[in-house]
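Asker: this one's structure only:
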RNA sequence: GCGCCGAUCGUAUAGCGGCAAUUACACCGCGCUGUAAACGCGGCGACCAUUGGUCUACGGGGGUUCGAGUCCCUCUCGGCGCA
């Protein structure tokens, strides 16, 4: 049977896990490594699909939970599915809603992100105090997760089967198994428990998917979890690798300092011939580490969210366009950048748009940031092919960190 | 000329005897990693300081009071009304 998703490796870097390749999907090819734009509600915020194409984006990742809540899977289907609905005929993915188990659960109302920057600053929950960690909008049990809609308070119970069913309605080329993304603050005991659950859910996701005809048109990726623990990560990689997924996602919480190690543990175990997506990772330094350690695709809200909030990537590091020093700066955001915003506008103008809250501000800033990240990863791909990855990385990071 | 009302941090405001004094905007800075996020947090009289302290401040001057942005008198300026 023809598989919906296939993957060719074009070139590898000896001694590392890095590779350049091509993911073939029903809506075209993703040349990897690649950064996938996040378009949660079938919209990459502030950007039209023409802008996305022009800045070089190859694919878009939308979200099952959000589209299920609004406008609802029936309407997505009525609009002809994700591609048609949003006017994007390139490759697409949908996240399963597993991230919302974390972001609307343990992460809700706290400022804990899935990346732990400073272990010491965040004492692990000694015991899982149900009151202290009680999710505000999510209740997890062995069978699935109950979400309370922030829109109208209604309760929605999502099981692995349900997540896949919704993703079938949405119709992305690549869909993900329903998993539990855990908080980095959880105890090892809880990570263990959640991991077993994620593995059971992975199996159920896969079985449900394969039972449907549509699995010929949509590829399903299984998700590796395991938090920051080596044994759990390896165990998870082995368990997920053993199932017949079309590719893999690496999810969950990481320690900023050893994200690359965690990714390596996993990718040394995952089969080489299938694509690997590092979920939710997207700062420049992390992308290099991800690529070097065998990841093919990435997605992250950082470029678009930071853009809307006024933080812009430059080759010399990030700048906040709202800072007083840019109000009279007549240079482009990033000297030498070929994006639409840099070709046509000054920092002073972007600063003005930001401060006056004009809609054009988030738009131009999003174009720039996405262009920056998408092309940074494209550069990595080219560097792998050209066998110059090492110097590409060193040169970039040296400059990027020079202002700090 | 008479009467009434008003004057508080850049702007607009709150304040009705215990106040360095509310809120919003502006201003300054920080944060954001599978989007709860065009959002959130902090600062915004001065000088010291470890919790904290000292000084100067609610149009000017005077008074009542242990204590006044708050009450009284008066002046200045502004608004409205009547002459």
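Answerer: In hand now; what should we look at? From a predicted model like this one, the values you see are computed outputs, not experimental measurements. Numbers count the residues shown, from 1 in each chain, chains lettered A, B, ... in the order given.
Asker: what about residue A:26, distance to RNA strand B?
Answerer: Here residue A:26 is placed at a distance of 20 Å from RNA strand B (CB to the nearest atom of the strand, to the nearest Å). Backbone N, C-alpha and C define where each C-beta goes, glycine included.
Asker: Any buried residues in stretch A:53-63, and which?
Answerer: A:55-63 (16 or more other CB atoms under 10 Å).
Asker: biggest separation within those residues, which pair?
Answerer: A:56 and A:63 (22.4 Å; CB to CB).
Asker: For stretch A:308-319, give the mean pLDDT please.
Answerer: The average of the pLDDT scores along stretch A:308-319 is 98.
Asker: end to end, how far does it reach?
Answerer: 13 Å (CA to CA, to the nearest Å).
Asker: Check stretch A:320-336 too.
Answerer: End-to-end distance for stretch A:320-336: 19 Å, by CA to CA.
Asker: Pull out the buried residues from it.
Answerer: Residues of stretch A:320-336 classed as buried: A:321, A:326, A:329, A:332-334 (neighbour count, 16+ other CB under 10 Å).
Asker: and which of these is nearest RNA strand B?
Answerer: Using CB to the nearest atom of the strand, residue A:326 comes nearest to RNA strand B of the buried residues of stretch A:320-336, at 8.5 Å.
Asker: doesn't residue A:348 make contact with that closest one?
Answerer: Yes. The criterion here is CB atoms under 8 Å, and residue A:326 meets it with residue A:348 at 6.8 Å.
Asker: Could you list the buried residues of stretch A:9-25?
Answerer: A:13, A:17-25.
Asker: just the strands in the stretch 1-150 of chain A please.
Answerer: A:6-12, A:19-25, A:28-32, A:34-38, A:60-63, A:92-95, A:115-116, A:138-140, A:145-148 (DSSP state E, counting those that start in this stretch).
Asker: Helices of the stretch 101-250 of chain A, residue ranges please.
Answerer: A:160-170, A:188-210, A:230-241 (DSSP state H, counting those that start in this stretch).
Asker: Of those helices, which is nearest residue A:73?
Answerer: helix A:160-170 (4.0 Å).
Asker: other SSEs contacting the closest one?
Answerer: helix A:64-69, helix A:73-78, helix A:81-86, strand A:174-176, helix A:188-210 (3 or more CB pairs under 8 Å, 6 or more residues apart in numbering; DSSP states H and E).
Asker: Quick one: closest of the ones you listed to residue A:43.
Answerer: Of all the helices and strands packed on helix A:160-170, helix A:81-86 comes closest under CB to CB, at 6.3 Å.
Asker: and the stretch 51-200 of chain A, which residues reach RNA strand B?
Answerer: Neighbours of RNA strand B within the stretch 51-200 of chain A, by CB under 7 Å from any atom of the strand: A:61, A:63, A:65-66, A:95-96, A:98-100, A:102-104, A:107-111, A:113-115, A:117, A:150, A:176, A:179, A:181.
Asker: Could you list the contact residues of the stretch 201-350 of chain A toward RNA strand B?
Answerer: Proximity of the stretch 201-350 of chain A to RNA strand B is confined to A:223, A:249, A:251-252, A:256, A:279-283, A:286, A:299-302, A:304-306, A:308-311, A:320, A:322-325, A:327 under the rule CB under 7 Å from any atom of the strand.
Asker: thinking again about what came up before, just send the buried residues of stretch A:320-336 back as a markdown table, with secondary structure too.
Answerer: Listed next are those as a markdown table, based on DSSP: H, G, I helix; E, B strand; the rest coil:
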| residue | secondary structure |
| --- | --- |
| A:321 | coil |
| A:326 | helix |
| A:329 | coil |
| A:332 | coil |
| A:333 | coil |
| A:334 | coil |
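Asker: domain assignment for chain A?
Answerer: A:9-300, A:311-400 (automatic domain parsing).
Asker: first vs last residue of the last one, how far apart are they?
Answerer: This means domain A:311-400. End-to-end distance (CA to CA), domain A:311-400: 14 Å.
Asker: what do you get for stretch A:56-70?
Answerer: Stretch A:56-70 end-to-end distance (CA to CA) = 28 Å.
Asker: Show me what the mean pLDDT comes to for that stretch.
Answerer: Here stretch A:56-70 scores 97 as its mean pLDDT.
Asker: now that stretch: how far from the chain's centre is it?
Answerer: 11 Å (CA atoms, centre = their mean, to the nearest Å).
Asker: list the contacts for whichever residue of the stretch 1-150 of chain A sits closest to RNA strand B?
Answerer: Residue nearest to RNA strand B within the stretch 1-150 of chain A: residue A:113 (2.7 Å; CB to the nearest atom of the strand). Shown in contact with residue A:113 (CB atoms under 8 Å, 6 or more residues apart in numbering): residue A:107.
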